[in-house]
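Colleague: Provided below for reference: sequence and predicted model.
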Amino acid sequence: MRKMGILWLVMALVCATPAWSSVGEGKTTPAAKKASGPAAAKSKATSKRAQPAASPVLANAAIASEVEQLKGMIEAQSRQIAAQQKQIEDLQSQIAGRTSAAASAVPSTGASANAAPATAVADAANASPTPAETMAGLPPASTAAASAALAKRPLLSKGQVAGSEPESPLQFRIGSAYVTPVGFMDITGVWRSKTGGSSIGTNFGGIPYGNTIPANLSEFRMSMQNSRIGFRVDADVKGAHVIGYMEADYLGVDPGNVAVSSNSNSLRSRLYWVDISKGSWEFLGGQTWSLITPGRSGISPLPGNIFFSQNMDTNYQAGLFWGRIPELRFVYHPSHKVALALAIDSPEQYIGGSAGGGAITLPASASGYIGTELDNGNTTLSVANAAPDLIAKLAFDPSKHFHLEIGGVERQFRTYNPVSNIRYSATGGGGFLNLGFDLFPGFRILTNNYWSDGGGRYIFGQAPDLIVRANGSPSLVHTGSTVTGFEWGVHHSMIFAYYGGIYVSRNAELDTNGAPMGYGYAGSPTGQNRSIQEGTFGLNQTLWSNPHYGALNFITQYSYLTRSPWNIPTAQPRNASLNMVFFDLRYSLPGSAPAIK
């Protein structure tokens, strides 16, 4: 700007010099002389006789006056240019400061690697992505990973003006769509006081109990399986904003010798969905975080807007109710403070047995139900489900400091007794109430609570949905869970602590032969838990971050886990307990949601 001002001044002086010269010396050009002819000469002579000659002193005074006026104008213009330059520098400093703050806000550990699609930070997490975690990166730091409005941001255009939000350095364009890679690379280590045998994800309901070999040996393990890879696609199509999102990790099914020489971990799909929004309406289809999963802000499928704790444990926190399953979702946004959603989720009739959850005891006549009518955690996709699960949620966000959501789930169950040739059915359901608010700046209180009749599937499979009576009919199991705690963002750190609890009610009957069956009966297996509890404390420290180069975070977590079975054998302890320490070093890719006009 200053160079342009100097150049303008020089040009003004050069252009003005001939005019001053003409006024002072009364010179005329050769063309003017030729055009004047004898008549002009005569007229000039007459004029000279009629008027006295101009005084040189007066002429010089007029020139000096004009020069002073011009100098004053130039000085005023220079001062104005300098003031504008200072304003520009101040604005640039403010923008740089905000970008740095957003990038350094501690991302949460679970979502996605790029801020937008994958990482988010504090309010950004509920607002816009940063290299913290949208994809796996680090969710919001109020939630780091923050995630805020990051969903429907306009795509970046060629004519974007200075000062507007910069595009991701990894972002590229195909046609009218913008593609942003998301992901993070990390190394996770865990030490457990007893051998859990489940890598970096803890099977809460299956920790070693009693005087067994695993209960007398500790374990240490390191893995890169929690690393994420994926992409986000944004485009405007006929007045609607379209987002396509894909995310994967390396926690798939591994070969038996995976830990011997080459840890060739298997890629696993996590998220794969498309979201279309226009006006107040939004539609989503694909594999996503289920609508039943607690949110941090509004109703959004983006990882930065989802609450799944800041934990490094890849199974999160005991008591968290969630799912990543195929879903069709309809959302109505009457305002930016209220959202109402209805979802149709893929169902599964579950009787326990997955991820350490205790399995029910079947009646003798129903042993053939497993794999055809009921899922015990090992039946893949062979169960004959009756109807999809229906989930509804209403969310309120009167300000960025407060989030409330309430909702419920309805489920249908069906069994068939081939001996009596009778079909049975049952309807289950549950409700949830979730709340998050800032007690003071940077300190957020969170509580997520769930109670159901036949909804154990959504508590990470730590409880069964139902038992089967002697006649083959379903009887639903009552279950409840909570995750309550706080997240505290301080400078470049996120301190977090949670309590998680699961309660599974007893549902027991007698078989036709008089033997007990169901869940929680006297003499039942010690895997049929009455309660599971976990206390967690951790730190997510941003070591450095840059919107152009990504972020490096160190995350650590300590947890104390305990489970209490319904049946306590003679001379055995009342519960099983476990101490765990996690540490993680994570590099998150730079990234943010594209912005288009």
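Modeller: Now that the structure is in, tell me what you want to look at. Numbers count the residues shown, from 1 in each chain.
Colleague: care to break this protein down by domain?
Modeller: With domains defined by automatic domain parsing, the chain comprises 2-26+55-104, 122-256+264-588.
Colleague: before we move on, what SS does the closest residue to Tyr498 other than its chain neighbours have?
Modeller: Nearest non-adjacent residue to Tyr498, counting by C-beta to C-beta, 6 or more residues apart in numbering: Gly485, 3.3 Å away. The way it works is simple: take the backbone N, C-alpha and C, and place the C-beta from them, glycine included. Using DSSP: H, G, I helix; E, B strand; the rest coil, the structure places Gly485 in strand.
Colleague: bridging residues for Gly485?
Modeller: For Gly485, the beta-bridge partners are Leu446, Tyr498 (DSSP bridges).
Colleague: just the one 5 residues further on next, same as before
Modeller: With DSSP bridges applied, the residues forming beta bridges to Val490 are Ser493.
Colleague: also Tyr245?
Modeller: Arg232, Trp273.
Colleague: my read: it touches Ser269, true?
Modeller: No - taking contacts as C-beta atoms under 8 Å, Tyr245 lies outside contact range of Ser269: 11.8 Å.
Colleague: the more surrounded of the two?
Modeller: A count of neighbours by other C-beta atoms under 10 Å puts Tyr245 above the other of Tyr245 and Ser269, at 29 against 13.
Colleague: how about the secondary structure of the residue nearest to Ile299 when sequence neighbours are not counted?
Modeller: Sequence neighbours aside, Ala339 is the residue nearest to Ile299 in space, at 4.1 Å (criterion: C-beta to C-beta, 6+ apart). Three-state call for Ala339 (three-state DSSP): strand.
Colleague: ok, now Leu91?
Modeller: Under three-state DSSP, Leu91 comes out as helix.
Colleague: which of the domains of the chain comes out lowest on mean pLDDT?
Modeller: Ranked by mean pLDDT, these bottom out at domain 2-26+55-104, which scores a mean of 61.
Colleague: show me the contacts for the residue nearest to Tyr498.
Modeller: By C-beta atoms under 8 Å, 6 or more residues apart in numbering, the contact set of Gly485 is 445-447, 496-499, 536.
Colleague: do Tyr587 as well
Modeller: 184-186, 550-552 are the contacts of Tyr587 under C-beta under 8 Å, 6+ apart.
Colleague: also Ser354?
Modeller: Contacts of Ser354 (C-beta under 8 Å, 6+ apart): 375-377, 461.
Colleague: strands of the stretch 301-450 of the chain, residue ranges please.
Modeller: For the stretch 301-450 of the chain, the strands defined by DSSP state E, counting those that start in this stretch occupy 324-335, 338-345, 389-399, 402-417, 422-440, 443-453.
Colleague: which of those strands sits closest to Leu381?
Modeller: When the strands of the stretch 301-450 of the chain are compared by C-beta to C-beta, strand 324-335 sits nearest Leu381, at 11.3 Å.
Colleague: circling back to that earlier point, okay, and which of the contacts of Tyr587 map to strands?
Modeller: Residues from the contacts of Tyr587 lying in strands, with DSSP state E as the criterion: 184-186, 550-552.
Colleague: those residues into JSON lines, with extra columns for distance to Ile568 and neighbour count?
Modeller: Output for those, formatted as JSON lines (distance: C-beta to C-beta, whole Å; neighbours: other C-beta atoms under 10 Å):
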{"residue": "Phe184", "distance to Ile568": "43", "neighbour count": "33"}
{"residue": "Met185", "distance to Ile568": "45", "neighbour count": "17"}
{"residue": "Asp186", "distance to Ile568": "40", "neighbour count": "22"}
{"residue": "Gly550", "distance to Ile568": "51", "neighbour count": "27"}
{"residue": "Ala551", "distance to Ile568": "48", "neighbour count": "33"}
{"residue": "Leu552", "distance to Ile568": "47", "neighbour count": "17"}
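Colleague: buried deepest among the domains of the chain, which one?
Modeller: domain 122-256+264-588 (a mean of 21; mean count of other C-beta atoms under 10 Å).
Colleague: re earlier: return the member of the ones in strands among the contacts of Tyr587 nearest to Asn575.
Modeller: Distances from Asn575 to those, taken as C-beta to C-beta, are shortest for Asp186 (32.5 Å).
Colleague: give me the beta-bridge partners of the closest one?
Modeller: Here Asp186, judged by DSSP bridges, has bridge partners Arg586.
Colleague: that one is in contact with Leu589, isn't it?
Modeller: No - at 11.7 Å, Asp186 does not count as touching Leu589 under the criterion of C-beta under 8 Å.
Colleague: and the nearest residue to Phe220 once chain neighbours are set aside, how far from Thr562?
Modeller: Once flanking residues are discounted, Phe220 sits nearest to Trp191: 4.9 Å by C-beta to C-beta, 6+ apart. According to C-beta to C-beta, to the nearest Å, Trp191 and Thr562 sit 18 Å apart.
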